[in-house]
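Novice: what's the 3D shape of this:
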Amino acid sequence: MVTPPELAVLGVILVALLVAYTLVKAVKPFIVNAVLGLVVILLAGFFGFGVNITWVVVLVVAIGGIPGALLVIILAQVGLVFDPALLAPLL
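Specialist: Just a heads-up that it's a prediction; the model follows:
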């Protein structure tokens with residue numbers, strides 16, 4: 001027979017799983033945007049339009065995605081907000 005403490009533990013586990021699923025579902029688009037945006041920034045750095053990657057840049061890219069990355073690159077090249085990266089010459 002199932003006891004009340006076992007039912008309580010099962011209920012707590014189910015609630016924890018539901019909360020974890022909801023959090024992952026909410027955060028997943030930001031993670032995908034951040035990864036794609038950082039790939040765009042790294043590709044831009046390969047072509048000579050580098051940007052120093054700071055937590056502000058990651059935050060802008062996570063919220064804005066690829067358009068946010070392009071905005072960061074443009075603003076860095078114009079010299080308004082973000083510092084352009086000092087790129088070492090490729091050997």
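Novice: Give me the mean pLDDT for the longest helix anywhere in the chain.
Specialist: Criterion DSSP state H: the longest helix present in the chain is helix 4-46. Mean pLDDT, helix 4-46: 91.
Novice: helices or strands up against the helix or strand following that helix?
Specialist: Downstream of helix 4-46, the next assigned helix or strand under DSSP states H and E is helix 55-78. Applying 3 or more CB pairs under 8 Å, 6 or more residues apart in numbering; DSSP states H and E, one finds that helix 55-78 contacts helix 4-46. (C-beta placed from N, C-alpha, C; glycine too.)
Novice: how close does the most centrally placed residue in the chain get to Ile73?
Specialist: With distances taken as CA atoms, centre = their mean, the residue of the chain nearest its centroid is Ala34 (2.9 Å). Counting by CB to CB, to the nearest Å, the gap between Ala34 and Ile73 amounts to 15 Å.
Novice: thought the residue nearest to the centre of the chain was touching Val58?
Specialist: Yes: judged on CB atoms under 8 Å, Ala34 makes contact with Val58 at a distance of 6.1 Å.
Novice: before we move on, back to that, setting aside sequence neighbours, what's the nearest residue to the residue nearest to the centre of the chain?
Specialist: Excluding its sequence neighbours, the residue lying closest to Ala34 (CB to CB, 6 or more residues apart in numbering) is Ala62, at 3.9 Å.
Novice: The one you found reaches Leu38, doesn't it?
Specialist: No: between Ala62 and Leu38 there is no contact under CB under 8 Å: 9.1 Å.
Novice: of these two, who's got more company?
Specialist: For the pair Ala62 and Leu38, the greater number of neighbours falls to Ala62 (20 against 16), based on other CB atoms under 10 Å.
Novice: can you pull the contacts of the more buried one?
Specialist: 30-31, 33-34, 37, 68 (CB atoms under 8 Å, 6 or more residues apart in numbering).
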